[in-house]
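J.: Compute the structure for the input listed below.
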Amino acid sequence: MNTTSFVLGILAVGFGLFTLYVRFAHPSWFGKLEAMKKQWGSATGNAMRIFGYTIVPIVVGIALIVAGIKGISLFSR
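T.: Sure, this is the predicted structure:
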């Protein structure tokens, strides 16, 4: 087991889950969201925000957790 990959995976999943929670509980905390909605429209801005700040970190985090369990190091040569 590689602890570094595993811990970074846990942190990434935690970040993704935190942004998912904040999206529903405190949507006013997202300062960049209004700018994204202005730039790309409401639906596209929301979709990009969810994808970039929630889905990607959760998927990358799960991949890192699996890699960590298998003993794959994120920083090896």
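J.: CA only for contacts and neighbour counts going forward, please
T.: Fine.
J.: what stretches of this structure score poorly on pLDDT?
T.: Scanning the chain with the threshold set as pLDDT under 70 gives 77.
J.: So which other helices or strands are in contact with the helix ranked longest in it?
T.: Secondary structure of the chain read by DSSP state H shows that its longest helix is helix 3-25. Counting contacts by 3 or more C-alpha pairs under 8 Å, 6 or more residues apart in numbering; DSSP states H and E, helix 3-25 packs against helix 56-70.
J.: If I take the helix it packs on and helix 3-25, what angle do their directions form?
T.: Angle of helix 56-70 versus helix 3-25, following axes from the mean of the first three to the mean of the last three C-alpha atoms, to 10 degrees, is 150 degrees.
J.: contacting residues around helix 56-70?
T.: Under the criterion C-alpha atoms under 8 Å, 6 or more residues apart in numbering, residues 1-17, 73-74 lie in contact with helix 56-70.
J.: give me the number of residues near residue 29?
T.: Neighbourhood size, residue 29 [other C-alpha atoms under 10 Å]: 11.
J.: Tabulate the CA atom coordinates of the longest helix of the chain in CSV.
T.: Output of helix 3-25 as CSV, limited to C-alpha atoms (Å, rounded to 0.1, in the frame of the first residue of the first chain):
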residue,chain,number,x,y,z
THR,A,3,0.2,5.9,1.8
THR,A,4,0.9,9.1,-0.2
SER,A,5,-1.4,8.1,-3.1
PHE,A,6,-4.1,6.8,-0.7
VAL,A,7,-4.1,10.0,1.4
LEU,A,8,-4.2,12.3,-1.7
GLY,A,9,-7.1,10.2,-3.0
ILE,A,10,-9.0,10.6,0.3
LEU,A,11,-8.4,14.4,0.2
ALA,A,12,-9.5,14.6,-3.4
VAL,A,13,-12.7,12.7,-2.7
GLY,A,14,-13.3,14.8,0.4
PHE,A,15,-12.9,18.0,-1.7
GLY,A,16,-15.4,16.7,-4.3
LEU,A,17,-17.9,15.8,-1.6
PHE,A,18,-17.4,19.1,0.2
THR,A,19,-18.1,21.1,-3.0
LEU,A,20,-21.2,18.9,-3.6
TYR,A,21,-22.5,19.7,-0.1
VAL,A,22,-21.7,23.4,-0.3
ARG,A,23,-23.5,23.6,-3.7
PHE,A,24,-26.8,22.6,-2.0
ALA,A,25,-26.3,24.1,1.5
